[in-house]
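**Student:** Could you look at this predicted model? Sequence included:
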4 protein chains.
Amino acid sequence: MSEKKKFIRDSVYGDINLNPFEVRIMDMPQFQRLRRIKQLGLIGLIYPGATHTRFEHSIGTMNLGSKLSEELGLEKDEIELIRASALLHDIGHGPFSHVSEGVLSFPHEELTKFVITQTSMRDLLEEKFDVSEIVDIINGQGHLGPIVSGELDVDRMDYLLRDSHNTGVAYGIIDYERIISNLKLEDGLILDIKGVQAAEGALVSRYFMYPSVYQHHTTRIVNSMFRRALKKVIDEEIIKEHEIYKYDDADLIGIFRHCDNHFVNDIMARLDARRIMKRVKTIRLDNFKYPEKMYKIKQDALRKAEEEIAEDYDIDKDYVFINIAEYPRFDEMKTQVTVEGKLYPLTEISNIIGALSKARFNIPDISVYVDEDERSKFDKFKLENYLDLPEIDREKFHGIHYDQIKLF
Amino acid sequence: MSEKKKFIRDSVYGDINLNPFEVRIMDMPQFQRLRRIKQLGLIGLIYPGATHTRFEHSIGTMNLGSKLSEELGLEKDEIELIRASALLHDIGHGPFSHVSEGVLSFPHEELTKFVITQTSMRDLLEEKFDVSEIVDIINGQGHLGPIVSGELDVDRMDYLLRDSHNTGVAYGIIDYERIISNLKLEDGLILDIKGVQAAEGALVSRYFMYPSVYQHHTTRIVNSMFRRALKKVIDEEIIKEHEIYKYDDADLIGIFRHCDNHFVNDIMARLDARRIMKRVKTIRLDNFKYPEKMYKIKQDALRKAEEEIAEDYDIDKDYVFINIAEYPRFDEMKTQVTVEGKLYPLTEISNIIGALSKARFNIPDISVYVDEDERSKFDKFKLENYLDLPEIDREKFHGIHYDQIKLF
Amino acid sequence: MSEKKKFIRDSVYGDINLNPFEVRIMDMPQFQRLRRIKQLGLIGLIYPGATHTRFEHSIGTMNLGSKLSEELGLEKDEIELIRASALLHDIGHGPFSHVSEGVLSFPHEELTKFVITQTSMRDLLEEKFDVSEIVDIINGQGHLGPIVSGELDVDRMDYLLRDSHNTGVAYGIIDYERIISNLKLEDGLILDIKGVQAAEGALVSRYFMYPSVYQHHTTRIVNSMFRRALKKVIDEEIIKEHEIYKYDDADLIGIFRHCDNHFVNDIMARLDARRIMKRVKTIRLDNFKYPEKMYKIKQDALRKAEEEIAEDYDIDKDYVFINIAEYPRFDEMKTQVTVEGKLYPLTEISNIIGALSKARFNIPDISVYVDEDERSKFDKFKLENYLDLPEIDREKFHGIHYDQIKLF
Amino acid sequence: MSEKKKFIRDSVYGDINLNPFEVRIMDMPQFQRLRRIKQLGLIGLIYPGATHTRFEHSIGTMNLGSKLSEELGLEKDEIELIRASALLHDIGHGPFSHVSEGVLSFPHEELTKFVITQTSMRDLLEEKFDVSEIVDIINGQGHLGPIVSGELDVDRMDYLLRDSHNTGVAYGIIDYERIISNLKLEDGLILDIKGVQAAEGALVSRYFMYPSVYQHHTTRIVNSMFRRALKKVIDEEIIKEHEIYKYDDADLIGIFRHCDNHFVNDIMARLDARRIMKRVKTIRLDNFKYPEKMYKIKQDALRKAEEEIAEDYDIDKDYVFINIAEYPRFDEMKTQVTVEGKLYPLTEISNIIGALSKARFNIPDISVYVDEDERSKFDKFKLENYLDLPEIDREKFHGIHYDQIKLF
């Protein structure tokens, strides 16, 4: 009595096989919730095709995790452990993925651990696995950890491919098969020299996706707007921070629309109608001698600056936003490469990666946003009057800042 | 002072240009709402990538409408009229698109007309267009109507391509450029003989998509479940039927989860957890001498049969569902083809289309669904005891019924 | 000291791994020759991208053969046997593939067998394989034969995909992964019901490719022209028929250009300059009551008719060509399908295949071609005066004959 | 009586329309010859799919030239001039494209000019065009020149896309629509800031294609082998250098196989059998303080070094090859970008391009190749004993040299 083979149709890879235990994991309400969590949060407001979900991404990550594990010659039970871990790696993500995460006092990995070890999911998983092993892998720990969470992991490969497919931005089309077939598992995942060009390609992809998609100017301000509203909702205990893993996108939209807080209602109405705060000031980080210093500025200082600006310009303080683009982390750069038995860092092997490593701080900036109607007041606005900025580098040529996709 | 060129990045076609007036249409809240209406309703429960929206589809339809209009040599103002009409052709769609439409006492075209002619959208449109011309085109009337709504219209081409891209079902990849470059606008859109094979390809696509996607067995039952809940919500006036065009998917999800009707809450919980009613009986329509007769059966008769089954099997009557697959309309078959100046129907020109025209009734069926727990009671169930079915054709070979994608 | 992994980059599948023995097979001059044999012969004259070779196709067939073998759960040595057989399945093809084959008094499989069993290739192969097993598989015999040569074999899947990729005709894009994952090896390859739609898709592909590519009108006449020249060259023993497997495309071109036969030189000059004979008469086979009867007409009768036409119209007899489109074989139709343990022929399971099975004789025709300058003489030409044609069916609607791609 | 629309099916773009005059150009034997000239010469020995031709590339260049011209708002007659020029831009290419060019004492543009102005092609072209305008455009001169031949021209865009499609190396997938829609024609083609990321992508593509395809190690040595044979054939006047534009790939293969020069016959036999000279020494150019100096080394010095090596190691002097990778020109770097009315060089605007501009000399190397059997003699070989190399930079970290695709 053979069991029926099950598979799911993925828009990126085609059919993906599932074993019966994986189907049971996927049938859990905790996993079904991921169907209703958008992978790219609010980026659909910039790229209308970006409506894909953590559900698809989790299955895709399992698929690549499986391929990589087979290529590494892992045992059957290790492969199944990797598959389950990859499937569950985002189970604790809150609504709109990283958007909500920005507000929480703990990372989504915490909640992922919680769902795996403290809910009914645990009972199911323990039929077959040691849940602590799954948690370790998801956190990149242990021998197998780097497969799912490391410098060149399957999570990243899947999301680049999937975000490309759905945004229509071709830069994310990476040669994942070449990367996978050139990885070895030693003390971490080590890349063979033959896979270097494919890894370079993947890094260039992420480098391109950072300003065009993930940290596009509009992405940053809609995230800021949403987060401020979510913070209110949490502060007023309409939602309990530690229960965010129970909510889906529709829940939050419903709460934002109907809760008893005018600001929150208004932010939702603005997002629904795509009435977005406008940028009145931008300073590129490469204007500063040490751009990294910008990331030492405390949230409190930013909040205080927003409030003072609001007062000086006679605006409601909740409607002034200062945003620094996310730190341009490209952990893939730390990948170790083997050449004839020796290990070298990718940044040394590869000219292009070495160059990107230096160039990456030229992209981000700090910007100030207000309501469109207030824009005209800010002609002579100086951010340094409100915020203690790092030292400007007067020598440097500052190049030109560009936004890739400037629609609407 | 040239205006800035605007464009939007589409996941199917790449960049699509927009003129400033189109941007204004898209900035209207009525149009922004389409961002939150899934193109394929609940089909994401079968194909997890099917999360794309009416927003993208509307822009894509505009894009193809524009290309076709240029190919037809239309004047600039006609092209702009077609573009606006294509953009607006689905503006009245309710949440989850055709899913909600199945419950309404009027088609979505009614609401589309309403939004265009009776809301603030009218004020905007009248700056540039005669709104009645837009409504006519959307309804396939007048000289230009067939471009947007006809046998071989741009609406259909876009959704086939887009649904393929997002479900991962390759059958919808059609050679739209070949079709477009072989159409002429006379009394309707006429296809040149050189485009026949591309048109055949498009029809085969739809023929494949019908059982695999649009009328997949799971699609049918989740639609039935959702519709019964929506009907309750409308009957209890929680939502006014004529205002459905104001709601988006998240609104309906919120109402279904939180309204004061236990059945509606339960259906939503089942859909959220993918606990779907199970099929206990299926009769293929090609078992009957005249399969088309099945489409004469009244809704009342079906409802009555459901209730009697419920009573006989001791089940809550709201949890018995009888569903007949949608009528296999393939209007493209009516396309007229020119060969050396004469017109022929596509079904006569093309052997494969002629064959499909006959074969299409072999796909649909009538099925009965109940809760998984009740399934075992139905071993000897006979549908003919409850419903006046058409005459069985005992001579016919009945072939085999197949479900393409049988996951979950 | 591990052996270095080798792979080759394929334009359709990406990287394909090779074991060291396969590399040795590929390094043999017999195999390298395939680099210089065009897969689609002269079809590059119609589709300029159709320049791909038997070399790529052989490697691609090996790749799919390998995937299918793994899916079928074959042993490692069987998989390697399949891989080698697939790699070698076309090793005996003459220049321009099927074009030259049309002239030979034996099929290319004969020469393939010869190369494998009577040349230095044998010495290599015998280090690892029993060559008779390879020959059997290539001929579709034995338990494993159907994988490489049967109704739904990997040879066919590869060429459909590859010909599509290179001609730009999208119809060949088939879901080969779905087909492969639904095949079982019993008494032949049996298709599970879940793979039926993918198989339908593949068959529709071939059905579309037949008139658009493989039996396109221009394909047919350039093949006829080339074959007549090749026949002269063989008749005059410039080339020995049994040694055709030693030649490549460039050899034949050289011989045709420089040999001492004016007709052959002229044909080559015409093909080089794309000066192609023109069609003066076409009768579709579905005009006849029993179209299959057309395939009983002997080559001698055709040749005699050509000569009589030449005489009557005062043309050199070598410049009159009568061509009947190849028999529309679609062996995939014979595929057996399992449904709940029972076997059914695909034509019965599938409405669309059943329909194609009947419709396929509506495509081919018999046509007469002469030099462009002679065309005008043939206004009132009647083929039945020269050839004993089957009985016309006066009742039948004859539909319309269409050529898909009518360039030049 | 409208003329029939003609089109050709391209494997990259789909249908491309042709006007009747373009069809006449394409019908000329000079243009038909391009069907038989491989775009990538001998690169099929590394990437088996690389069998595409100058014929396809010429049509593809016309297609992009047309799109760009329309985007630039050119007049109808200018567009037709661009189309014809693009179609003809490679008409003088010798067999195997750049491979043969490497031997000639003049660039292929010379022969292109000759074919256009001194053969029967002129008579045709003059019916509609001023041939000197066509020649100018092909040489990048005049107002319209940069469209076909400049920093960011349509020639380059087409070959990147086409070479990717046919080699299966994904790096060449560039967003040409984005580039085209952001170019303006002023004093040269100027790129709008919105197109910068797409231009970066195109440059990274070429940067990746340089070592993986165009200057792959195997490419370099097979080119060297072929060129040495061709030089003999020209020196012995078997072929007249100035008539190389009359030959196609098959002609040269025939001559190489059958001419009365044993070395030439042997080289051809080696290429046919893929018996390639082996590398015995490699020095990366970034080992030198001023890598560019390597490109000052004269051909004579190289030839002399080869001869001395041959003597010292007792090898036939024709079987020692020294090859320096082609100068890593990336003219796209010179593109001017407009930002708010001002012009900046792309290298300043773009961090990634700036970085590539510096890094590009890290890729090429100088290498020595001999017959596989002689390889063992070269263990202690020092190139500096034979060639006056630039000064080594002892400080520099030399990184690692990698060959991307190391098959065979």
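**Tutor:** Good, I have the coordinates.
**Student:** Quick check: A:Leu191 is in a strand.
**Tutor:** Yes. Using DSSP: H, G, I helix; E, B strand; the rest coil, the assignment for A:Leu191 is a strand.
**Student:** so it makes contact with A:Pro345?
**Tutor:** No. When contacts are counted by C-beta atoms under 8 Å, A:Leu191 is not listed as touching A:Pro345 (10.7 Å). C-betas here are computed from N, CA, C, even on glycine.
**Student:** more crowded one of those two?
**Tutor:** More neighbours surround A:Leu191 than the other of A:Leu191 and A:Pro345, with 23 against 15 (other C-beta atoms under 10 Å in any protein chain shown).
**Student:** pLDDT at the more buried one, what is it?
**Tutor:** Listed pLDDT for A:Leu191 reads 94.
**Student:** Repeat that for A:Gly341.
**Tutor:** 83.
**Student:** Repeat that for A:Glu22.
**Tutor:** 98.
**Student:** after whichever helix or strand A:Leu68 is part of, next one along is what?
**Tutor:** Following DSSP states H and E, one finds A:Leu68 within helix A:54-71. Next along the chain after helix A:54-71, taking DSSP H and E as the criterion, comes helix A:76-88.
**Student:** Counting by contacts, list what the helix or strand that that next one is followed by packs against.
**Tutor:** Downstream of helix A:76-88, the first helix or strand assigned by DSSP H and E is helix A:98-101. On a contact count with 3 or more C-beta pairs under 8 Å, 6 or more residues apart in numbering or on different chains; DSSP states H and E, helix A:98-101 meets helix A:217-235.
**Student:** Run a quick neighbour tally on A:Ile138.
**Tutor:** Neighbour count for A:Ile138, taken as other C-beta under 10 Å: 23.
**Student:** so it touches A:Thr112, yeah?
**Tutor:** Yes. With contact defined as C-beta under 8 Å, A:Ile138 and A:Thr112 form a contacting pair (6.1 Å).
**Student:** Now for those two: what residues contact both?
**Tutor:** By C-beta atoms under 8 Å, 6 or more residues apart in numbering or on different chains, A:Ile138 and A:Thr112 have these common neighbours: A:88-89.
**Student:** Up against chain B, what does the stretch 51-200 of chain A have?
**Tutor:** Within the stretch 51-200 of chain A, the positions near chain B by C-beta under 8 Å from any C-beta of the partner chain are A:51-53, A:55-56, A:59, A:165-169.
**Student:** Just the buried residues of those residues.
**Tutor:** Buried members of these, scored by 16 or more other C-beta atoms under 10 Å in any protein chain shown, are A:51-53, A:55-56, A:59, A:165-169.
**Student:** Please report how far the residue lying closest to A:Lys377 once chain neighbours are set aside lies from C:Ile79.
**Tutor:** Setting aside the residues directly before and after it, A:Lys377 is nearest to A:Tyr313 in space (C-beta to C-beta, 6 or more residues apart in numbering or on different chains), at 5.4 Å. To C:Ile79, A:Tyr313 is 73 Å away according to C-beta to C-beta, to the nearest Å.
**Student:** just A:Glu186 next, same as before
**Tutor:** A:Glu186 is 29 Å from C:Ile79, by C-beta to C-beta.
**Student:** Specify which residue of those two has the higher count of neighbours.
**Tutor:** Using other C-beta under 10 Å as the criterion, A:Glu186 and C:Ile79 rank with C:Ile79 on top: 19 against 12.
**Student:** Would the helix-or-strand element of chain A with minimal mean pLDDT count as contacting chain D?
**Tutor:** When the helices and strands of chain A are compared on mean pLDDT, DSSP states H and E, helix A:351-359 comes out lowest with a mean of 81. Yes. Against chain D, helix A:351-359 shows contacts by C-beta under 8 Å from any C-beta at A:351-352, A:354-356, A:358-359.
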